[in-house]
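[1] Give me a model of this one.
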Amino acid sequence: MNVSSPVPAQAPLHFEKHILEQGDQISKKLHLLSMQRFPPHAKKNLRSFSLAEVATYLGVSQSHLKKLHLEGKGPVPETSSSGRRSYTAEQMLELRQYLDQHGRSDARMYVPHRRSGEKLQVIAVVNFKGGSGKTTTAAHLSQYLALTGHRVLAVDLDPQASLSSLHGFQPELDQIKSIYDAIRYDDERIPLSNIIQETNFPGLDIVPANLELQEYEYDTPLAMADRNSNAGKAFFTRISSALAEVDDSYDVVVVDCPPQLGYLTITALTAATSVLITIHPQMLDVMSMGQFLLMLGGILEPIRSAGAAVNLEWYRYVITRYEPTDQPQAQMVAFLQTLFGEFILKNQMLKSTAISDAGITKQSLYEVEKNTMTRSTYERAMEALEAVNSEIAGLVHHAWGR
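    Take a look at the predicted model:
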């Protein structure tokens, strides 16, 4: 009778050791790819914009822009061998200023900055579930508002820092600070203006994120329990207080909230003047969102009782990653429209390979060159994106009474 030799016992799997090693490998590999695309000290560039794009963003006709160029007025566009004109984003701002000074008497539309008495608009983009297109929505909205002449601050509140990465920052390697340093409870707190970074979009700045943001979730309960300080009891005022310092510098703040209902999200919501809730129109996602709304309402009621000013000018649900040819999704969108009525945006953001393909190279749809992908795919995605962002911009202007 043969007795098989015993199988040697395997060493216990140290999960935390493995994931730390794998996380380090991912960061180093991504950094290597980033270095190949963006050498040290190089800045992320932004493509030029066609005459048609510039005319759309400025709200003028192409013929008017051609006339300005022929008369030697405004910035000089780049002209291709075939006669096609294009402008940089910086030149678009110059055109705005020129039209504002030499245009019609109602030309303030060209420079849509806040006027006296108009509040800073703070838009919190939220969802309890990852993969709903939250960061994609926040990124493209921020960039659209900048391209249409607004002064915009994007705040990355997610420790995973996807919004930061999309704008060329790699927090674990760049050693940049996050909003945590402006809302922390100890003496190391610094002004938000010391944290803000410029992006490759003129008119768009960003407060990047890093893993240290997660510390706020641990610090806040301890601060609330501190009998010698009231700082923790009013934790929900910390982001609004930080933003107050830079209030005069921006028209709109877009906050990309983490996909969880923690202290960071609650603090952002109490600073917000408006909220966008992203929805992927599939049954499990909608069920998850229902639970999120119940939890959110249950938390905000006692927060309001504690003195939080949760006073929204507007809030909307935005359908993301929508496939109109998918019958169950189309039915779900119809159901949501019936259920939420005016609280759901009229336009939907379509699911598109154009956006995912651009994301591979850490670019948004506004950055990627049209000729790098199928023209019809690009134009279909851009048309949906512009419709959604234009509708949101309209809500911002309406809140200002325009």
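
[2] now the helix or strand containing Ala55: how far from the chain's centre is it?
    In the assignment (DSSP states H and E), Ala55 maps to helix 51-58. Averaging C-alpha coordinates over helix 51-58 and over its chain gives two centres that are 22 Å apart (CA atoms, centre = their mean, to the nearest Å).

[3] do stretch 103-123 as well
    21 Å.

[4] cool, stretch 66-74 as well?
    For stretch 66-74, the distance to the chain centre is 35 Å (CA atoms, centre = their mean).

[5] separation between Met92 and His167?
    From Met92 across to His167, the span is 19 Å (CB to CB, to the nearest Å). To be clear about C-beta, it is placed using only N, CA and C from the backbone, and glycine gets the same treatment.

[6] more crowded one of these two?
    His167 (25 against 22; other CB atoms under 10 Å).

[7] So the chain: which segments form each domain?
    Domain assignment for the chain by automatic domain parsing gives 49-110, 121-399.

[8] In terms of pLDDT, where does Gly74 sit?
    pLDDT, Gly74: 90.

[9] ok, Ile190 touching Tyr180?
    No: judged on CB atoms under 8 Å, Ile190 makes no contact with Tyr180 at a distance of 10.3 Å.

[10] So for the two, which sits in the more crowded spot?
    Neighbour totals were compared for Ile190 and Tyr180, and Tyr180 leads with 22 against 12 (other CB under 10 Å).

[11] For burial, what's the neighbour tally of Ala225?
    For Ala225, the count of nearby residues is 10 (other CB under 10 Å).

[12] how close does it get to Val333?
    Distance from Ala225 to Val333, counting by CB to CB: 45 Å.

[13] Flag every buried residue along the helix holding Ala55.
    Residues of helix 51-58 classed as buried by neighbour count (16 or more other CB atoms under 10 Å): 51, 53-58.

[14] Looking at those residues, spot the one nearest Ala139.
    Nearest to Ala139 among the buried residues of helix 51-58, counting by CB to CB, is Tyr57 at 17.1 Å.

[15] Who are the contact partners of the closest one?
    49, 92, 147-149 (CB atoms under 8 Å, 6 or more residues apart in numbering).

[16] where does the stretch 151-300 of the chain dip in pLDDT?
    172 (pLDDT under 70).

[17] Helices of that one, start to end?
    Per DSSP state H, counting those that start in this stretch, the stretch 151-300 of the chain carries helices over the ranges 162-166, 171-174, 180-183, 215-225, 238-244, 263-271, 283-305.

[18] Tell me how far the residue minimising distance to the centre of the chain lies from Lys73.
    With distances taken as CA atoms, centre = their mean, Ala138 lies nearest the centre of the chain, 2.4 Å away. When distance is defined by CB to CB, Ala138 is 36 Å away from Lys73.

[19] do Gln197 as well
    For Gln197, the distance to Lys73 - CB to CB - is 34 Å.

[20] How about Asp186?
    Asp186 is 55 Å from Lys73, where distance means CB to CB.

[21] okay, these two: which has more neighbours?
    Remark: of Asp186 and Lys73, Lys73 carries more neighbours, 13 against 8, as counted by other CB under 10 Å.

[22] Not including adjacent chain positions, what is the nearest residue to the more buried one?
    Spatial nearest neighbour of Lys73, excluding adjacent residues (CB to CB, 6 or more residues apart in numbering): Tyr98 at 6.7 Å.

[23] if I pick the one you found, what's in contact with it?
    68, 73-75.

[24] Give me the phi and psi angles of Ile123.
    phi -100, psi 120 (degrees, to the nearest 10).
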